[in-house]
Every structure is written in structure tokens, then in C-alpha cells.
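Engineer: No letters, just coordinates:
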């Protein structure tokens, strides 16, 4: 299967591990990723706060290039995916909006090339038993709290999973032998940009609720599919621990990193060594178990 | 020989102000078949009508054309006038030269007069072709059927019975009482629901004119107003009603325990059961799906223990067909299935219950004998959250309409809890408080001020369990900040929806229903309890969400309407109905597809054709059902079915007259 | 015999057109019929026209008189038939024989139809011989000479690219005299018409048919008939008509229009009884009328073998096979 | 021996066996007509008559409507059925004029019949084109049958339904209003009102047609352009949603009026307005003008 | 005598100015007829070119009446009824909608100007809409001039 690949700004910077692990597991899973040449920023939250047409036009250019190549677009980051999906729906729903967008980006975009979340694509590509031979090690010992965040499965009308109780990441990890916990903060807000705003304590209290819920559910790590969630959960975990003088020690993974691990890809290639909350001990633990329970 | 009289009315100056009535009358003289033509100031007045009568005698007229106002206004007047002069009322034709002519062409005098002449010419052409029509009578069987034994059905039946009519109540459950029997107190007076309901149930059971057909369903409805042939399926109770004394021994000893529908899953019942203690008839029923005897042929304890020997496993469903003059549909409502809401836990959390389940918990004859306790751990709840508009006013996942009653019964629940558990905190999440009835606003004020219920205007976005509590996250739009309540119990005020099989019953009876499967009334303001099908009336929540006072009011209204119908041995039917020319009808059945009233059927005709006895199918119209819309006449290619008073020839005559 | 080159026929017709309203057989779309002569007309000399000249004398719809009713009294205003000298150029023998049949009906036995008569008198007919028969033709079997038109004023032949004219009546002679300048006196040999595929043997058939009213031949024959009116409306000899009126208020026109014995309403009586209720009776009546009743009354067959009914009938029900079956019937 | 000759023998054998064993009171097929290019419907009741049956490239007539002649007998009637006959039979069943269990359908695989009028012009050994109606045929074979003549064939499923478009209707639609009217008037100026198109049409099964009954005042017996157009438009409306596109009306019109132009226009409009629909495929389906949808297109708001 | 020559006698094209279009309106008794009454009650004006023919339901209007009307010399036909869903007989106008969706396309197909056959749902309360509708249709038909198509001119042809 071939997809146009839209990494987005985070995956070229703070979310580099997401990009590295995505490319690695794509190779193994036989998914060809064609990075959109000169892709432009998707506008994320800042665009649609300022101008509706701008918010729709920015992702439209990327989709248009993908459409010229006849490919759907694989989008790892939840925010880029949400914005691209909004554009695709807007163009398909109203002829008149399609015309205005085409004028603005000076390209043809008919809405045929679809914006697809990477989680959805990977979920589909591992169906069927051909994946069994590819698994090198089972992720036994991992008790993951899958954290979908606010954008990935909303709005309900275009979501690819249940907005209240999403299961796609849980099922994916089960395939690779990981255990996931049932907890109620799957789709709660991660504080987004509040940390950097005037009142960081709002963000910190939101994060604290997530960590407590995950701990109560018995999880020993968090798994996410959005660089901003990763940013807050991983980077700010220490800050929250200091603020509330408590210890969570919950490493945070991108689901692509765990899939890579299970496929036997070398941890450093997946960027597992780049986390703030040191993830290596847990990774090592899982790897050590490798001897016993080979798939 | 057709002799037409034309009478042009001035209507004071309403018509003559623009139309030259004398010229119209003059012009009408040389229309074909016109014998007499006159214009006069007020045709509809007493002298005007006298003039018509005199002209009929003098000139032996047998067709009358009145050029005046709209027939929707004075057609009956002139029809009666002509009838008094001994002429068939359907020989009258009106030309609307006021609303459609003089009033709308004030400064085109010449054009208006010419138009008036044209309209009179059309009316004359039609009148000449009009046939005498007689209003036919159809017999009315003096017996009413009430479908549904809830408060609405019971009230309607009592009113009809007290008016001296025989009434059958058909109730699907083993006992009458409906949803009201499950309710603890009723707003706004907080008087006990059973106390005001059970007496009426007893009256209904005891009333000589009322027959209760419980544990029965409607199988088929044929016929038409005054003559509905209804087939009722009396499901086998496996109990001989006449022998059973209702002592209840069987119910104690039956080994099988099953979720009680009446208790909404909060308590169990036996395989042989009565839904609730005050059930009427207070005789049990065997639930054959769960009774061991019926499943594996063993047990039979109840029949052994029954002192009166009333248990009879061999009983079968019985089909009973009776003829009724009128039908009152009072099948009530069902609660919205809130499991579509992931926000409230998809129905997984035991301590999230519906308003009706709460009514059972707090009801003295309920599973907990009125002691409010959490279904999960039976503890007494302290913090209770009530959420309004669950499923109502929500086009995305629920129903678009407001269910009218939830605000009031949520206020009632809050007051009851606060009254029962003094140190409890009750939070009600609402969007708008709707208190339309008498004493309703005061009741809401009392629940807030006197009972101390805390009303939070905002939606609940999520409920999730934390240890043994339920965290209710919502928003207070008045304080514009998020709100979180650690609740012990959450009560959802779910929407009122139509019964799941409401559309099937509607199709059986032949009445309309809307997109939410509530039955459609003939006219929302002018005929709220009637339906488009003559003789079928509506009462209670089956017509739309409503509370007990409105249901009872509608029940009495429907009973009054039914009395109006049943009080007469026969009723007159409108003669403008269709008729079939059996000689040319080929029995193709296309008209059957068109008729909205199922008034047309195919019958077999035996006749001699070219020396052979032959049987063939032809259409036949049931004059009682046909409302005279005429849609079938257009579908009939050979013109074999025609609408009296609006036949093809009559309408063509008008079209031809238009262009002479 | 006088001849004119085919190429000059248009000039000849133009001359005639000055004095008469000339009609010529022409191809119009997929059909062929007699149309008033104009320069751009596409002639149809090689075969007989589909629509015969019947409707020039007996039009499908013809107003007879105008009436006005006022209360009880009635005024009738007859419609004067238009006097318009007409010349039909190129009428085949079978159609002329058909015209002869119509003459019997409309002009003899003590009743003369004025409308028909005036049109018949005003018409000058130039017959045209047939060189080659179509597959559906069988006029010789019906006693019609394809090379000699009955009752024509001039007999023409289309031979070797020329038209040979021969006067049969003094009216025809006068016309030939007026056209002298175009004509050359020469005698051409008129060949015998060939190519007849159908040769029904008519002798004894009318008498035999007298006794065959109840034969079940008719049930068999009528099974496939659709009972449409195509054969009767295309047949040059069928002459049945119905009367109707076009009324506007108190005035109206009474008019005559073709009717077909194949239609159920044709014999439907007021009370609803129909002496010919099914298509068997109607098909039987049509053939008996043509081959038995008409000869009995006018001793002339009411079928001239033009073959139009055969080419038009949707179910290939044709008179020659009926004649053969009648011959075979015992 | 071409397959058609073999099939003719099988046809006769099947018919003879049916009549002898009294499985059906009559067999409806085709027999040779006067000329090599003409055939005619044959309604046979005696076994020896089955020798007349034929199956060649000129079996053009639609046989379905002859079943109406057997309405009053309660024995079965056998009928050879190509695709258009089968749709005609369903048309009569859906109009309740015959019932399915009184008809013995003998399916035939139809190769498409030749144009008999062209055959008469071009002669025997010329290359004769298919009849117009067979060129446009969408269902050459019966979709359901009791017997089958020729090599067994599993019943074809109805084609994937999508809205049909007819080129000649499209081209007519482009013309200006006056040209369209002139074309329409020129066609119906020729009409003789012989009603052959009505009598052959399986969708026209009224006991008494309004055009055959002057008491109905719908039409005058006079033959003028206006009345002819009224007849044409009314018949088009009467068969709307019911015409099975057998093309017989156009084929047998004595004056070659392109009658199907009206029917095809209505069929095309029905497909686009109410969803693709082929009349006469299944007697149980809903006739477009005998039903409605709440979501029908709305142009009159 | 061609169609057009005959018609010239009937409506000579010279004096087109004082020619009044003749428009036939089929109005259903429960909605549009009542709406027209309301237009009168509210004294809203519209041109006197329209003749309203009352039918019980728009479902009663046979498309053959429309052809007959054009034959007799009407210049335009308007079929009016209740809005779908409001029909007094519950489903009458749903059939009207299907019949006249087809009929309008058929008439346009044979060359009739689309403005000459229109359909519109007018409820008993839409007096304004009825007035506007009649005014608009009248202007459209005045622009088109008298209708020559489908006209029965036999009467004129026989008269001279």
C-alpha cells in the first residue's frame, strides 16, 4: 500500500521519535510512505482561531498535491489529521467552498484524496495473520494506558473510532501482546498549551488528574498518538511530580515506538532513548523477557 | 331537460363595486340551458334565498348557479336552500366572483366583469352535468374499543361507560395501570400515584359496561367508521381466570426467578407472577419463556399447590373478533434507550438509573420498600445528580423534541430525595426549566427554596467511576466554569418516545404517524384527538409526550368525540365518493395502490360474456372509507373509477367552457 | 399513343397545374402518398403509393354541415363543397378499381353522396400502368388489368425513360391536345406486368363463402389478429364511416370520419349488446364483406389485390392465404 | 443445420409434447409468414399444428398479449418467451390480467431479430441489419422460466441498475422549443388513428379504451393534428412507468411514427427522478407512478 | 390552411397589446383555493387573467386535463395544491408531485415553453405567495404571447 506522508512540523522537531518510528515500522509493514514535496504547515489551532478560510486552505494544498499523485494522505499527528479531515469534509460538502479553496491555493482539489490517521492505517495494515511472523518479541509486561487525546477521535461525525470510548490503539497493542487498562481519561484534555500560558498551574492540575487516573488503573506506561500530548505527558511529568511532590514514573510512548519494538527494530532507531521520562528501563525489561516468550 | 337558473349576487358593493353584475346576468342568458338569470343585492339573505325558491317553482329550474362568494363559505347555505325547494342539493354550483374576482381586481373593472362571465359560464357548464347525490347512511355499532390500559385508556373507558356505551379495554400487559402504576408520587401535588390510579382501575374492572381484555394484543383491524371488525389475540395466561382466587401461593413457591419488567430490572419476579400487588385483574400469568415446565416439561409446582386448581398449562392463544363503532388508541409511551450515550457510560454503570427506576426505588411497594439505596452496593446515597434532557432536544443522538414532563418529575424527584434523606445534596443539571402547567412553577420554586435542590444550568459532559463514586463532570453556564460532582447516584430524565411497535399498530389500524412514530392527529389545533381515519381517536402519550393531567384531559376529549359518534344508530356519509363502472373496469388494481384510506378492494364478478359464464375481478369502493380525494381516478387509465360530483366529464366541461 | 421524356414530365405537370390542382405520387419520408405537385417533389414511379387516393374523394374527416341551436329551434347551414378541379396523375389500376368500388357505394342504388360526387366529377385521372409487381401485389387474380386503369381519362405508361399517354375519354383527349407541344406521336409496345408472387385462385370463392359462416376457419384465422384498424384504414376500398360533431356552446359542425369494422365500438349497440363481440366475428365479417357480401350486392369484389393490407398488418394476416384456405376447406 | 434450425425442431418437439400431454391447452409461438422475411404469431391448440412452429431471425412479434385471449379458461397456456415476451408477461401479471401459475413460460435465448422491412428492400442475400428494438435490447433472455429450449442457461440476473440515457432523446432535448414542436407535429400529422400501437402494447390492457368509447368525451373521433397529439401524449402517460420497451408500437406503425421517442423520454426521466427502474422485470416491484417517496425531488416549493 | 393561418383569424397578431392571456389554475379545495380566498380577503391584487377551477385534491388533476386545456386555447396551466405533508388526504400531493415532475418534462420535450405548465404548492395561509405566483406567471405568459401549440384549430379551419 502506498500513501502520501505528511509528517507536519512537530514530527520534524519535538516529535522526532514519532517520525523515526513511523518510518521504521512502515518499512517493515510494507507501507510505502511518499513524503509530500514541500508540504506546508497545516495551520493547527492558530489558523482556525484567526480565519476559517485560511484554516481550510492550508491543509488543502497538501491534499491537492497528494491528489495529483492519486494517493490518500497518512497523517501521524492528531492536530494535522483533524485539520486535514475538516478541509476534506468541507470540500466534499459544498461546491462553492471547493471553488473558493481552489482559487486560494491555485490548484485543483476535488476532495478525492482522503486524510487518514496513521493509527487507522497501521491498525488496518496489521489485520490478518501475515503479521504473526513479523513479530519478534511480545510486549508482555507492558500495562499501557492508551491516551487518545482530544482531537484524534473528534468530532463524532467524521471520527474513525468511538469518541467516548475509543479502542483502536488498545486493540493494536493487544495484537503485539501488550496489556491495556480500562481507564476513563482516554479522551480528556492534556492541558494543551496551558503550560506555556500565564497560568501554568491549570495545565499541571489537568495533567495530574491524568497521571492519577492512569496509576489507579494500574498502568505502568502511557501510550499516545499525538506529539502535543507526548510533549505534555512526557516533558512535564517531572514538573508535575515536583509540584505535587509525588512520583508517577510513567514512561510515555508513541504507539509506533511500541509496534517497532515488537517488530524487533533496534530501540535507538525508534528514538526510545530520547524521552524525558526515561523509558529505557521498561524497554529493557520487556526486551529481557524476550528470551522466554518468543512469539 | 336541463333548466339552469343563474343568480348573480352584488354582496352589497363587495362584488358590484367592481363587477357589473347586471351585465353578467345578461350575458348568462344566452349560455346553453340557462332559462332564468337575475342579479340581486344579497343572494344569501332570506329574501335572496326566497327568490331562488320562487324561481325554481316558476321556471321549473333543475340546476342552480349562484355567482357570489367562495363556496367554502356559502355552499352549504345555498345547498340547504335548494333542498328546501325540493331540489337535490348537489344541483347547486357556485362561481366565486368575490374572493377570486371583485376583491382582487379592483381597478380592472372590465377584465373583472369578463372574468366573472367566464366563471359563471364554467359553473353553468358544470351544473348542467351535475348528478343528484344522496347522503348515504352507514350503521354504527354501539361498542367502543380502547387500545391500551394506562390512565388515558382507563379514563376514556370510564367516560364512555358512564355515557352508557359498552367498552372493551385491550391491554398488552397482564394488568391494566400502565406506566402510572410504576410511579410513586405525582406532581405538582405530590399525591401518591397508586392512590389516585387504583380506584379508577377498580372502577374500570367493576363497571358493568367495561370488559378488560388483559394480556391481549390487536391482531387485525378491518372495516371502517361504525363498523371496525377487530381481531384480538388473547395470549394464553395458563390460569383459569374464573377459578383463580388470586391467593398468591403459586407465586411464592415458584422456583424460577427472572428480572421483573415492572420493576425495570431492579428486582426479580417468579415465572408465575402478577406485575405488582395492586394488579387488576389480580390474577397471575405464567411466563412461558422462563417457566421450567414449558422449557423442560418438569416442575409443575404451581399447579400442584394451587388450592383452586386454576393452573392450566394446556391453554392456547385465542383469537376473538368483535365489531366496534369507535376506536380510542391510548397505547402510551416508552422511555428513550439512553445506552447510545457514551458520556453517561453506555448503561454500564449500575448507579446510573432512569427516572422510572428511581420511582420504583422510592416507591413503598417497590423492590426496596421505598428506602432509597444504590443498586450497586445498596448504600444510602448522599450526593445525587439528576440530569435533564437525556435524549430530548438532541438531534445528534436523541430526539429533536422536548418531552414536556422531565423538568417537573425531576423537580419532584429532587424534592422527594431531599425530603427522605435530610442531609442529601441533590444537583439538577438542566438547560431550561419548563414549567407550563397550573401550579408547576410554584412546585419548581418549592423544590429549589424549600427542599434546597441545587439547580445547575449546564450539560453533563462525562460520568466516570472513581473508586465507588461516580464523578459527574459538567459545566455551569451561569458561572461559566466547569463543575465536578462526586455523586453516589445519577438519575437520568430520559426522553419519552413512542412504543417500539407503534408504527406496526398504526399500519394495522390505518392511521398516520410522524417521524418519531407518534400518531398524527387530524389537526394540531382544531382536531387534536381525532385522526384522518374517521372513527379512530387518540388519547395520551401515544399522540406525543405529555403528563398525566393532559393525558386524562385528552382521554375525556376522545371519549366525548367517540360518544358523539356512538350516540347515533347511523351516521351520514359525504356522498362525494368514488364509484366503479364494472363494465369497463379490468381489475388491474392500480387504484388500490393509490388510495390512502384502503377504501378500494377487488371483488369477483360472475357474468355472461359472449355466451360464457365468466368470473373476473373488478374494483369496488367502500363508501364509508372513501374521503373523495380522487387520486385514484387519475391512476385509472380507462376512467372506470370516477369521483361523483368531480367526474372527468364535469371537469372537462368546465375546461371547455373556459375557452368558448 | 403520345410520349414525353421523363426529364420533361415536370414541365408537362406545370402546364397542367395551371388549370388543375395536380396531385402526383411522391415519397414523403418513409411513406409514399399523393401530394399536390411542386417542383421539389420526389416522385414515386417505381411502385404503388402506400396511402391511396381514397382520401381525395372520401376524406378521413369531412365536415358536412354547421348547426346552431337556440332554445328549441335549430338552424342548419350546409357547407358548400369547394369546387376545385383536381388532376390525379399516376393512379395505379388497382386503386382505380377500388375507386370503382367506392363509386358503387356512394353513387349507385338510388343514393348519391353529394360530397363524394362533386369531388369525383371534378377529378381528372391519369392512370399509370405497372411494369413490375411488388411481392405483395395480386391484382390480376382479382380481375384487374395492371396496364389498363378502369375509368381513367388518360392511360399512361412509364417505359424506357418515357411516359406514353393515351386518351381514353374525350376529356383525356382534350388534355392531350393542350399538351401537344410537349408530346411526340409514337407507338411503344406495352409489356406484360411480371413479378407476381401471389396467385390466389378466386373462382368459386364467393359462392363457397356463403356457406362458411359457421366454419371454424375463422376462429383459427382470427387468433393472431390484433383487431387494430390498420388494414381497414390503408385499404383503398374500405368505405365505412361514422358521424360525430364538434360543438362549441350552442354552435357546432357535423362531420363524417372513417370508422373500422375491427373496432369493438363499431357494432356496439345503445343497450350495450354487441352483435360482433369478439375479434373472430369481426375478422370473419371483414373477409366475408370483401369476398362475399359486396360481390353479392354489386357483383364486384371489394378487394383489388393492391397488397397494402399485407404489407401493413402487424401479424401478417392476409387475404390471399384466406382465399387459399377457403378453396381447401371442404 | 444452423442452431436456429435445430432449435426449431426442439421447439416443435416441446410444443407437441405439451399439447399431447395436456400440460397446456394452447401453445403460443411463431410460424412462417407469406415471405421469407415474415413470420406471424401462431396460437396452436392441436398437437399436429406444432409443425407450423418456426424459430428464425425474423420472429419479431411480441407474444405476451395473446395470453389475454385465455383469461376465461382455467387451463394453462404455454408461451415461448424471449426477454421482451417475458417482460410483457410480467407486465400483464402485475396488471392482474393473468396469473403466473396459468402460464407455462418456455425460455429461449434471443440472438436479436432482423429488420423485416429492410429485408424486403435489400433482398435475401444482402446483409440485413438488426431491428431497431433489438439493437437497443437490454434483456435478451427471460429471467425466469418453466422450461428452456436450447442449451441450458442459468437465469441472467437483472443488469446493475443505473439511470438510462437515450441518445435520440438527448439530441431532441437540445433543440429549440419551436423545432421540437415542429418535429413532434410533423410526426403526428401522419397518424391514421388506427390504434395498432395501442392494440399491440402489453401495457394497454383496458377492457374499453377511452379512445374507443366516445361517451367518455376525452377525445373526438375526428382525425386532426390536435386530437392525434392528444392521443399520443395520453398513451405515453398511460404507459409511463409501465412500458417494457419492447418497441413493437414503433415497429408496426403503418406510417412509421417514432412512438418510442415519447416512451423513452419518460423512462429516462423516471430513472433520473425516482431511481433506475426497468418495467416488467418483477411483478412484485413498486410501479413508479403507483407509489411515491417522501424524498422525491421537490421543484414546486 | 395551416395551423398558424387559422390561428391568425382567432388572435390576430397585430393587436397583441390588448390581448389578455388566459390562464387556467387547478386549485385544491383545502389549501390553494382557501389561500386564494385569503388573497381576496386581504384585498391583494393580481391580474384578471386567471380562472380558478376547484378540485378536491391536487391528486385529482389528470395530466390529460392539461393537454385538453391547451387544445381548447388556454395559454398556460397552473396546478396548485397543499405542501407535501399537509395534504388533507395525507398522500394526494405526493402522487401529484411525481405526475407533474414527469408531465412538465414531457411537455417541454414536445416543444411547449416550460412557463406554460407550472405547478406550485400554496397553503391556505400563503395569500402573498398566491398573488406573487399569479402576477409572475401572467408576466411570463404575456412575454411568450398566445399559445399556438397543441391548439385544436379544426373549428377555425372549417369556419372559412
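Structural biologist: Sure thing, it's come through. Owing to the predicted nature of the structure, the values given are computational and were not obtained by experimental measurement.
Engineer: Could you measure from the closest residue to chain C within chain E over to residue C:84?
Structural biologist: Going by Cβ to the nearest Cβ, chain C is nearest to residue E:158 of chain E, at 4.6 Å. Quick note: C-beta positions are derived from backbone N, CA and C, even for glycine. Distance of residue E:158 to residue C:84, computed by Cβ to Cβ, to the nearest Å: 16 Å.
Engineer: neighbour-wise, which of these two wins?
Structural biologist: Ranked by neighbour count (other Cβ atoms under 10 Å in any protein chain shown), residue E:158 and residue C:84 place residue E:158 first, with 18 against 11.
Engineer: my guess is that one meets residue C:65, correct?
Structural biologist: No: using Cβ atoms under 8 Å, residue E:158 is not in contact with residue C:65, being 10.4 Å away.
Engineer: which neighbours do these two share?
Structural biologist: Here residue E:158 and residue C:65 share the contacting residues C:79, C:253, scored by Cβ atoms under 8 Å, 6 or more residues apart in numbering or on different chains.
Engineer: and the nearest residue to the residue of chain E closest to chain C once chain neighbours are set aside, how many neighbours?
Structural biologist: The shortest distance from residue E:158 to any non-neighbouring residue, by Cβ to Cβ, 6 or more residues apart in numbering or on different chains, is to residue C:63 (4.6 Å). For residue C:63, the count of nearby residues is 20 (other Cβ under 10 Å).
Engineer: show me the contacts for residue C:63.
Structural biologist: Neighbouring residues of residue C:63 by Cβ under 8 Å, 6+ apart: C:79, C:253, C:254, C:255, E:158.
Engineer: Please identify which of those is nearest to residue B:216.
Structural biologist: Taking Cβ to Cβ as the measure, residue B:216 sits nearest to residue C:255 out of those, at 69.9 Å.
Engineer: filter the contacts of residue C:63 to the buried ones?
Structural biologist: With neighbours counted by 16 or more other Cβ atoms under 10 Å in any protein chain shown, the contacts of residue C:63 contain buried members at C:79, C:253, C:254, C:255, E:158.
Engineer: So which of the residues you listed belong to helices?
Structural biologist: Using DSSP state H, residue E:158 are the members of these that sit in helices.
Engineer: hmm, who's touching stretch A:81-94?
Structural biologist: By Cβ under 8 Å, 6+ apart, stretch A:81-94 touches A:6, A:42-44, A:47-48, A:55-60, A:62-63, A:73, A:75, A:97-98, A:101, A:109-111, A:113-118, A:151-152, A:154, A:158.
Engineer: give me the subset of these touching chain B.
Structural biologist: Applying Cβ under 8 Å from any Cβ of the partner chain to the contacts of stretch A:81-94, one finds that nothing falls near chain B.
Engineer: Downstream of the helix or strand of chain E with the lowest mean pLDDT, the next helix or strand is which one?
Structural biologist: Ranked by mean pLDDT, DSSP states H and E, the weakest helix or strand in chain E is helix E:3-10, scoring a mean of 56. Moving toward the C-terminus from helix E:3-10, the next helix or strand (DSSP states H and E) is strand E:23-28.
Engineer: List the beta-bridge partners for the residue nearest in space to the middle of chain E.
Structural biologist: Central residue of chain E (Cα atoms, centre = their mean): residue E:77, 1.6 Å from the mean position. Beta-bridge partners for residue E:77, by DSSP bridges, are residue E:24, residue E:117.
Engineer: Pull the contacting residues for it.
Structural biologist: Taking Cβ under 8 Å, 6+ apart as the test, what residue E:77 contacts is E:23, E:24, E:25, E:26, E:66, E:69, E:70, E:116, E:117, E:118.
Engineer: try residue A:151
Structural biologist: Residues in contact with residue A:151 (Cβ under 8 Å, 6+ apart) are A:78, A:79, A:81, A:82, A:226.
Engineer: likewise residue D:119?
Structural biologist: D:36, D:37, D:58, D:128.
Engineer: ok, now residue D:33?
Structural biologist: Going by Cβ under 8 Å, 6+ apart, residue D:33 touches C:316, D:39, D:40, D:58.
Engineer: from these, which is closest to residue B:136?
Structural biologist: Using Cβ to Cβ, these come closest to residue B:136 at residue D:40, 52.9 Å.
Engineer: pretty sure the closest one contacts residue D:59?
Structural biologist: No: checked against Cβ under 8 Å, the pair residue D:40 and residue D:59 is beyond contact range at 9.6 Å.
Engineer: and for these two, which residues touch both?
Structural biologist: residue D:30.
Engineer: helix/strand/coil for the closest residue to chain A within chain D?
Structural biologist: Nearest to chain A in chain D, going by Cβ to the nearest Cβ, is residue D:297, at a distance of 17.9 Å. Assigned state for residue D:297: coil (three-state reduction, DSSP: H, G, I helix; E, B strand; the rest coil).
Engineer: For stretch B:54-63, which outside residues touch it?
Structural biologist: Outside stretch B:54-63, the residues within contact range by Cβ under 8 Å, 6+ apart are B:2-5, B:7, B:33, B:35-36, B:38, B:64, B:82, B:85-87, B:91, B:93, B:124, B:127-128, B:130.
Engineer: mind listing the strands for the chain?
Structural biologist: No chain specified, so I'll use chain A. For chain A, the strands defined by DSSP state E occupy A:2-5, A:32-35, A:73-75, A:115-117, A:143-147, A:179-180, A:221-224, A:252-254.
Engineer: actually chain E
Structural biologist: E:23-28, E:50-55, E:76-81, E:117-121.
Engineer: Tell me which of those sits most buried.
Structural biologist: Greatest average neighbour count among the strands of chain E goes to strand E:76-81 (a mean of 28), per mean count of other Cβ atoms under 10 Å in any protein chain shown.
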